[in-house]
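Here is the input, now give the coordinates:
(chains A and B)
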Number of protein chains: 2
Amino acid sequence: MLDYTRVDGLSAADVERLRAVYEPLTESVRELVDAAIRTEADGDTVAMARAEIDAATARLRAAQRDGSFGIQYGADGVPMPWGNAVIGIRNPSAPPVVIRRDPDGSVRSDFHLGAAFEGPPGHVHGGVSAMILDHVLGDAASKPGAHRLTGTITVRYRRLTPLGRLRCEARITHTDGFKTYAVGHIADATGVTVEAEAVFIEPKWARG
Amino acid sequence: MLDYTRVDGLSAADVERLRAVYEPLTESVRELVDAAIRTEADGDTVAMARAEIDAATARLRAAQRDGSFGIQYGADGVPMPWGNAVIGIRNPSAPPVVIRRDPDGSVRSDFHLGAAFEGPPGHVHGGVSAMILDHVLGDAASKPGAHRLTGTITVRYRRLTPLGRLRCEARITHTDGFKTYAVGHIADATGVTVEAEAVFIEPKWARG
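Model (predicted):
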């Protein structure tokens, strides 16, 4: 089944050391992604930039894991979903979304979406909103040690979401056996732009 | 409203010249994104790679457009949604999805999702599947000159989608005034993994 249990024997100090090495790399690549979309540099300049980029890629690929990042766990049981498409601190394509949990169990995230997340001109791609809502509602529906996967999600678009500073919030509404129901939304400074409801399922193999 | 109408007076030859300059840049950055996620290089190597990446970013930012890419049109009316989060050939975070239209109006895309699109270990993030389905169903529901935006989309997950080669297909089921209904799915080599249905709306400002 899913390789959620790989333990690399990392101490908390090891995890922090790895974060200090790789998080700045992610941030540099994320800046480059934005620059590559927006640049109006001429062909010669682009060729020079490409040579530098390809050199960096070759350096990094000299030692790399096979396949995708997966989810590693530190020795203290802290999950490291660092490659994740939405929250991964080692994934330059992730916004990244950083989720905070309130005492009542609801979750929220303040994040910024730039040029890499565009659909309609100047606005967030509707699919990107759906992607973020899927993750944040899923986080609200999960607990440590209980991995829940999306069963069905419905996303309603009230109006276009502008690129820039946004907030996503989500909470559980009720549970029914192995099903957990959650709702949430994305909002800009003037209110809700997209809302979602979903049911999450605890896979059979993960049930105690 | 949306700046869909910007015309930059580009000839077809200009568009091809721009594509030849910038598409290889996008591909280089996309490779770097994958390498940055998967690398196990040590701190010194990562620091050298970062210096090269930051130098490339500075070169590209020396001449860049304000804000996001938007949608430009060539003089011949060909849209260039090159910054788009799903299909943008200038967006290194886009897979990119390339959509083909069949004579019956249905659309399909064969694409590859690697480490940058991971959710559960070795598998596509459910939100990424939702993002791609939103775009491909929207493409099926749209016609040249008729921009349709997602009203509501429902995504059902039948099973986990493995990273790798995938196909997405979509088609219109029916229309009702300014509403167009579409269905579609994502499949791997052994069958459908995720399915979706959605209603798309032609915005008031775009109605003839």
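
okay, which residue is most central for chain A?
Geometric centre of chain A, nearest residue: A:Val86, 1.2 Å, by CA atoms, centre = their mean.

tell me the SS of that residue?
With DSSP: H, G, I helix; E, B strand; the rest coil as the basis, A:Val86 sits in coil.

contacting residues for it?
Taking CB atoms under 8 Å, 6 or more residues apart in numbering or on different chains, we find A:Val86 in contact with A:Ala94, A:Pro95, A:Pro96, A:Val97, A:Met131, A:Ile132, A:His135, B:Gly119, B:His125, B:Gly127. To be clear about C-beta, it is placed using only N, CA and C from the backbone, and glycine gets the same treatment.

Kindly reformat those residues as a markdown table containing distance to A:Lys204 and neighbour count.
A markdown table is the format used below for those (distance: CB to CB, whole Å; neighbours: other CB atoms under 10 Å in any protein chain shown):
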| residue | distance to A:Lys204 | neighbour count |
| --- | --- | --- |
| A:Ala94 | 29 | 24 |
| A:Pro95 | 32 | 23 |
| A:Pro96 | 31 | 22 |
| A:Val97 | 28 | 22 |
| A:Met131 | 26 | 30 |
| A:Ile132 | 28 | 28 |
| A:His135 | 22 | 27 |
| B:Gly119 | 19 | 30 |
| B:His125 | 21 | 29 |
| B:Gly127 | 23 | 29 |
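
For those residues, give me CSV that also has secondary structure.
Below are the contacts of A:Val86 laid out as CSV (three-state DSSP):
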residue, secondary structure
A:Ala94, coil
A:Pro95, coil
A:Pro96, coil
A:Val97, coil
A:Met131, helix
A:Ile132, helix
A:His135, helix
B:Gly119, coil
B:His125, coil
B:Gly127, helix
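
May I ask which two of these are separated the most?
Across the contacts of A:Val86, the longest distance by CB to CB is 14.5 Å; it joins A:Pro95 and B:Gly119.

Double-check that A:Asp134 belongs to a helix.
Yes. Per three-state DSSP, A:Asp134 lies within a helix segment.

That one: what's its closest spatial neighbour, skipping adjacent residues?
Nearest residue to A:Asp134, sequence neighbours excluded (CB to CB, 6 or more residues apart in numbering or on different chains): B:Gly127, at 3.6 Å.

Pull the contacting residues for that neighbour.
B:Gly127 touches A:Ala85, A:Val86, A:Ala130, A:Met131, A:Ile132, A:Leu133, A:Asp134, A:His135, B:Gly119, counting by CB under 8 Å, 6+ apart.

Distance-wise, check the fifth one relative to chain B.
It stands for A:Ile132. Counting by CB to the nearest CB, to the nearest Å, the separation of A:Ile132 from chain B is 7 Å.

same check, this time on the first one
Relative to chain B, A:Ala85 is positioned 4 Å away (CB to the nearest CB).

could you list every residue that touches that residue?
A:Asn91, A:Ser93, A:Ala94, A:Met131, B:Ala116, B:Phe117, B:Glu118, B:Gly119, B:His125, B:Gly127, B:Val128.

do that again at 6 Å, thanks
By CB atoms under 6 Å, 6 or more residues apart in numbering or on different chains, A:Ala85 lies in contact with A:Ala94, B:Phe117, B:His125, B:Val128.

now the residues you listed in JSON lines, with distance to A:Thr161 and pLDDT?
Formatted as JSON lines, the contacts of A:Ala85 follow (distance: CB to CB, whole Å; pLDDT from 0 to 100):
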{"residue": "A:Ala94", "distance to A:Thr161": "18", "pLDDT": "98"}
{"residue": "B:Phe117", "distance to A:Thr161": "21", "pLDDT": "98"}
{"residue": "B:His125", "distance to A:Thr161": "20", "pLDDT": "97"}
{"residue": "B:Val128", "distance to A:Thr161": "18", "pLDDT": "98"}
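
with the residues you listed in mind, which one is nearest to B:Gly164?
B:Phe117 (10.3 Å).

How is chain A divided into domains?
Following the TED database, chain A resolves into domains at A:1-93, A:95-206.

elements contacting the helix or strand bottoming out on mean pLDDT in chain A?
Between all helices and strands in chain A, the lowest mean by mean pLDDT, DSSP states H and E belongs to strand A:72-73, at a mean of 78. On a contact count with 3 or more CB pairs under 6 Å, 6 or more residues apart in numbering or on different chains; DSSP states H and E, strand A:72-73 meets no helix or strand.

Thank you kindly, that will do.
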